[in-house]
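Undergrad: test case, fold it:
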Amino acid sequence: MHEEIVISGFGGQGVLLAGKLLCIAAMREGKHVSHIPSYGAEMRGGTANCKVIISDDEISSPVIDHPTIVIALNTPSMHKFEPKMTKKGLMIFNSSLIPDTPKRTDIQIESVKANEISEAAGSLRAANMAALGFLLKVKPEIASMSALEEALDEAISARNKQHNPINIKIMEAGYKS
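TA: Numbers count the residues shown, from 1 in each chain. As a prediction, the model looks like this:
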C-alpha cells in the first residue's frame, strides 16, 4: 500500500491535526509516513492543506504532485485538488459545505456530511474527525480506528484532551455513516 493524501479546507477546520493523527495512527501500525503541513495566510481563513504519505515501504520523497486521495472539507479545496488527482484516486468531499459534486469520471467520489455528523454527535468544530472516520471506512488498510483513536492521546495537547471523548464519538459516527 502507498497512499498520497491531501487533506484540505479552511484554516481552523483542523486539517493539519487530521494529517498528524493519520500519521501517528499509521506509524503505530508499522507503516512509513511523511507529513507536510501548510502554514501561512491560510491560517486566517483561507485554504489550508496537509500532505500525508502512508506506505508499507520507505518513502523516497515527501512531495505529492498527484494525490491518490483527497479529503476536501470546502469548495475551494475540492476545485484546487481535483484536477491534480491520479486516475482511480479517491475524492472524499464534505457535502455539508460543498454543494456541487466533483466533475471527474476517472476517480472514486465519496461524499460525507462531515459537519452534520459532527454537530449531531455533539460538536460544531470536529468535521475533520468525521472525515477521518469516513476515510478509514472506505480505506481500512490505511490504519485501524483503534490506532486513530489512540493517536488522539499523542497528538492533542494536555489542555484540549478533555475533547478526546467527543472526537472519538465523531470519528466513529463518520466511520458508521
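
Undergrad: going forward, measure contacts between C-alpha atoms and count neighbours the same way
TA: OK.

Undergrad: helix or strand: which one has S77?
TA: Per DSSP states H and E: S77 is located in helix 75-81.

Undergrad: low-confidence ranges, this protein, go.
TA: Applying pLDDT under 70 to the chain flags the ranges 39-46.

Undergrad: which neighbouring elements make contact with the helix holding S77?
TA: For helix 75-81, the packing partners by 3 or more Cα pairs under 8 Å, 6 or more residues apart in numbering; DSSP states H and E come out as strand 2-10.

Undergrad: where does the residue in the chain sticking out farthest from the centre fall, phi/psi-wise?
TA: Within the chain, the residue lying farthest from the chain centre (Cα atoms, centre = their mean) is R159, at 22.9 Å. For R159, the backbone dihedrals are phi -70, psi -20 (criterion: degrees, to the nearest 10).

Undergrad: any idea how far it is from D153?
TA: With distances taken as Cα to Cα, to the nearest Å, R159 is found 12 Å from D153.

Undergrad: quick one, helices of the chain?
TA: 15-28, 75-81, 114-121, 127-138, 145-155, 164-176 (DSSP state H).

Undergrad: out of the ones you listed, which gets nearest to K103?
TA: With Cα to Cα as the criterion, K103 lies closest to helix 75-81 of the helices of the chain, at 9.5 Å.

Undergrad: tell me which residues in the closest one are buried?
TA: 75, 77-78, 81 (16 or more other Cα atoms under 10 Å).

Undergrad: what's near enough to touch V70?
TA: The neighbours of V70, taking Cα atoms under 8 Å, 6 or more residues apart in numbering as the test, are 5-8, 81-82, 85, 90-93.

Undergrad: and E119, by the same measure?
TA: 125-126.

Undergrad: tell me how far it lies from A130.
TA: For E119, the distance to A130 equals 10 Å [Cα to Cα].

Undergrad: can you check E150 too?
TA: Distance check for E150 against A130: by Cα to Cα, it reads 16 Å.

Undergrad: N160 now?
TA: Distance from N160 to A130, by Cα to Cα: 18 Å.

Undergrad: more neighbours: which of the two?
TA: With neighbours defined as other Cα atoms under 10 Å, N160 and A130 compare such that A130 has more, 30 against 9.
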